[in-house]
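Q: sequence first, then the predicted structure, then my questions.
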Amino acid sequence: MSKSKFRRPEPSEQHILDHLTVRPITTAQERRRFDRLMCEHHYLKSNALVGEQLCYVAAYGGQWLALSSWCAAARFLKGRDQFIGWSPEQCRRRRALIANNARLLILPGWHLPNLASRVMKLVLQRLAQDWQQRFHHPVVLVETFVDPQQFRGTTYQCSGWTQLGLTQGWARHAKDYYLAHDQPKQLWVKALSKNVPNQLRAPTLPPAWAVVENKLQPRCTAQSAELKTLTDHLARIPEYRSRHALGYPLAGLLTLMAVAAFCGVVRGKKDLAQFASTLSQAQLRALRFRRRAKHSGKLRAPGVTTFFRILNEVDEQALELALLAWQEQVLGPVQDRIIAVDGKKLRHSQGGELVSAIGAQSGRWLGTVRTPDKTNEITAARTLLERISQRQDLSGRVVVLDALHTHQQTARLIVQELGADYLFTVKTNQEALHKTVSGLMSPGAFFPSGTSAAPRGADLRTEPGPARATPTAAAGHHCGASLLCGRPPDRATAEHDQQKPHAPDTKNLAADHQCRSRSVASP
């Protein structure tokens, strides 16, 4: 450990301190020179860096005075993690926001007073911006290790760093293998902006920082007991493969794919295989996967080819029922009054399209149907609603669909067969229907019964002013018995009113006979 006494720099030395520059090295030739000087003059005799890395050189008049290298932060540091206060999962997802000062070297012949602290100050002033430019995300905290048997950490102390204590004296020698070296190092950290620890442990990161989480490979965070619960439900699906090739049971593979979708794996089989490789032995055991070999102690994860074959023959309806049963066990029965139905085309599926239904209030999934080839989602939506009605009573529910589904047959299915109400959208390109609905929205009250007085108990909210030319919610294509109000009227009241004698109106009676429905419309 150096014990030289402090002295002030001479005027010539101060001139060098005032005019030296710090920049990152940019060429391969400079990097080779940088590594060679580190190996020759640094006490560790190496410049081994991991992950994202930047190397800086401090120069004066074209001469190199000092070198500094930065790389990815250590995976786990007890002192640092306690200082920040984040969880292990937050550490894994946000660790890229920390950089490690791996090496700091003053070259021989340039040991000037205050040179090390001056170089450190200039590097930290530009480190975050350089990191953003090179790796497209910032760094907000820096860390380093100081060997107390060699140095006292004076440079870091003068530069505003904070010492967090000593490490536990372990060194990483492989992916998951550490060796004790019994030489604890001082751990120093410095925040590059205000309030960094609080923001790093917050539930959500600032938008500029959150890019590091978006780049990260998804990882299974479910507990073994949670995986086992879903696997038990999916075990009801019939196994279609030969028993001689069941290294990966169907229930476990389907559970793995479902959890991968929950964690954000959406790109295909290769990403599924990569996600499976991150599972722990306890998680693989919960999925009931087999061991790699007869006498091996480790369970194996499925590869890409397994996922290519698995979904070809799976019973779609059995899979849907199993997932819905698991959802109900975890979250309880669906209580949503409004059901939203919509179809989406899948990426990289040669035009494949799915129609799904969700509870509008809770976001709960209610079912999915694949759109048949050479058709659209209209018939698939009807099939989906019929399936949902077989599992739960839709009476009194409101089904919301887009303008594509504004058809009499769909309206008749929802009202007459399912006992529900609907909210349809009418666009200007549906000329006849749009004209009919615009006429219904003329000034004055409109009564479904055709009488001149409002039925007792009906909640009528008339639409004053001229007819609108914007998209409108409507009941059906030729439903002259539509009621434009904020909520559907009472069914018993409407039916009782229709039975009252009144002056015959041929047009209204024909329309009422053709479409005995109720509508919900937004004023």
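A: Everything's here; your move.
Q: who touches residue 212 in this structure?
A: For residue 212, the contacting residues are 93-94, 96-97, 137, 205, by Cβ atoms under 8 Å, 6 or more residues apart in numbering. Placement of C-beta: from N, CA and C, glycine included.
Q: okay, and the residue most central in space within the chain sits in which element?
A: Nearest residue to the geometric centre of the chain (Cα atoms, centre = their mean): residue 264, 5.5 Å. Residue 264 belongs to no helix or strand when assigned by DSSP states H and E.
Q: I'd assumed residue 219 was in contact with it.
A: No. Using Cβ atoms under 8 Å as the test, residue 264 is too far from residue 219 to be in contact (9.8 Å).
Q: excluding its backbone neighbours, what's nearest the residue nearest to the centre of the chain?
A: Leaving out its chain neighbours, the residue that sits closest to residue 264 by Cβ to Cβ, 6 or more residues apart in numbering is residue 218, at 4.7 Å.
Q: what about that neighbour, distance to residue 277?
A: Between residue 218 and residue 277 the computed distance is 12 Å (Cβ to Cβ, to the nearest Å).
Q: which one of these two has more residues nearby?
A: Under the criterion of other Cβ atoms under 10 Å, the comparison of residue 218 against residue 277 puts residue 218 first, with 17 against 11.
Q: make sure the more buried one is indeed in a strand.
A: No. Counting by DSSP: H, G, I helix; E, B strand; the rest coil, one finds residue 218 to be coil, located in no strand.
Q: A helix includes residue 339, no?
A: No. Counting by three-state DSSP, residue 339 is not part of a helix but strand.
Q: let me know the distance separating it from residue 381.
A: 11 Å.
Q: what's the answer for residue 8, then?
A: Using Cβ to Cβ, one gets 82 Å for the distance from residue 8 to residue 381.
Q: and those two? which has more neighbours close in?
A: residue 381 (26 against 8).
Q: going along the chain, name the strands of the stretch 1-150 of the chain.
A: Applying DSSP state E, counting those that start in this stretch to the stretch 1-150 of the chain gives strands spanning 21-24, 54-60, 63-72, 98-106, 141-146.
Q: looking at those strands, spot the one closest to residue 305.
A: With Cβ to Cβ, the closest approach to residue 305 among the strands of the stretch 1-150 of the chain belongs to strand 63-72: 32.7 Å.
Q: just checking, what packs against that closest one?
A: Counting contacts by 3 or more Cβ pairs under 8 Å, 6 or more residues apart in numbering; DSSP states H and E, strand 63-72 is packed against helix 28-41, strand 54-60, strand 98-106, helix 115-135.
Q: kindly present the strands of the stretch 1-150 of the chain as JSON lines, with separate columns for mean neighbour count.
A: JSON lines is the format used below for these (neighbours: other Cβ atoms under 10 Å):
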{"stretch": "strand 21-24", "mean neighbour count": "16"}
{"stretch": "strand 54-60", "mean neighbour count": "20"}
{"stretch": "strand 63-72", "mean neighbour count": "21"}
{"stretch": "strand 98-106", "mean neighbour count": "21"}
{"stretch": "strand 141-146", "mean neighbour count": "21"}
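Q: please list the outside residues in contact with the host helix or strand of residue 321.
A: Element membership for residue 321, per DSSP H and E: helix 316-331. The contact list for helix 316-331 (Cβ under 8 Å, 6+ apart) reads 229-230, 233-234, 236-238, 254, 258, 334, 362, 364-368, 370, 391.
Q: of these, buried ones?
A: 229-230, 233-234, 237, 254, 258, 334, 364, 366-368, 370 (16 or more other Cβ atoms under 10 Å).
Q: can you list phi and psi of the residue nearest to the centre of the chain for me?
A: Backbone torsions of residue 264, given as degrees, to the nearest 10, read phi 100, psi 10.
Q: just say helix, strand or coil for the nearest residue to residue 366 once chain neighbours are set aside.
A: Nearest residue to residue 366, sequence neighbours excluded (Cβ to Cβ, 6+ apart): residue 357, at 4.2 Å. Using three-state DSSP, the structure places residue 357 in strand.
Q: quick check, residue 357 in contact with residue 385.
A: Yes. With contacts counted by Cβ under 8 Å, residue 357 reaches residue 385, the gap being 7.4 Å.
Q: neighbour-wise, which of the two wins?
A: When residue 357 and residue 385 are compared for neighbours, residue 385 comes out ahead with 26 against 23, by other Cβ under 10 Å.
Q: what are the ranges of the strands in the stretch 151-300 of the chain?
A: With strands called from DSSP E, counting those that start in this stretch, the stretch 151-300 of the chain shows them at 162-166, 170-174, 177-180, 186-191.
Q: also the stretch 351-500 of the chain?
A: 353-359, 365-370, 398-400, 421-426, 472-474.
Q: quick one: mean pLDDT over the first one.
A: Which is strand 353-359. For strand 353-359, the mean per-residue pLDDT is 91.
Q: with stretch 310-317 instead?
A: Mean pLDDT, stretch 310-317: 79.
Q: look up how far residue 419 lies from residue 146.
A: 75 Å.
Q: hmm, residue 91 and residue 76 touching each other?
A: Yes. Using Cβ under 8 Å, residue 76 is in contact with residue 91, at 7.0 Å.
Q: so between the two, which is more surrounded?
A: Between residue 76 and residue 91, counted using other Cβ under 10 Å, residue 91 has the larger neighbour count: 19 against 13.
Q: so what's that one up against?
A: Contact partners of residue 91, counting by Cβ under 8 Å, 6+ apart, are 76, 81, 84.
Q: go again with 6 Å.
A: For residue 91, the contact set (Cβ atoms under 6 Å, 6 or more residues apart in numbering) comprises residue 81.
Q: so where's the stretch 301-450 of the chain shaky on pLDDT?
A: Within the stretch 301-450 of the chain, the set of residues satisfying pLDDT under 70 comprises 348-351, 441-450.
Q: now the chain
A: Judged by pLDDT under 70, the chain has its weakly predicted residues at 1-5, 169-182, 244-245, 292-297, 348-351, 441-523.
Q: list the buried residues for stretch 106-114?
A: Buried-residue list, stretch 106-114, by 16+ other Cβ under 10 Å: 106-107, 110, 112-114.
Q: in JSON lines: those, plus distance to residue 125.
A: Formatted as JSON lines, the buried residues of stretch 106-114 follow (distance: Cβ to Cβ, whole Å):
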{"residue": "106", "distance to residue 125": "19"}
{"residue": "107", "distance to residue 125": "21"}
{"residue": "110", "distance to residue 125": "21"}
{"residue": "112", "distance to residue 125": "19"}
{"residue": "113", "distance to residue 125": "20"}
{"residue": "114", "distance to residue 125": "16"}
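Q: in space, what's closest to residue 212 - neighbours in sequence excluded?
A: That would be residue 96: by Cβ to Cβ, 6+ apart, it lies 4.2 Å from residue 212.
Q: residue 131 versus the one you found, what's the distance?
A: As defined by Cβ to Cβ, residue 96 lies at a distance of 10 Å from residue 131.
Q: what sits in contact with each of the two?
A: The contact lists of residue 96 and residue 131 share no entry, where a contact means Cβ under 6 Å, 6+ apart.
Q: might one say that residue 282 is in contact with residue 224?
A: Yes. Between residue 282 and residue 224 there is a contact at 4.7 Å, judged by Cβ atoms under 6 Å.
Q: between these two, tell me which one has more neighbours.
A: Set side by side, residue 282 and residue 224 show more neighbours around residue 224, with 15 against 12, by other Cβ under 10 Å.
Q: done for today, thanks.
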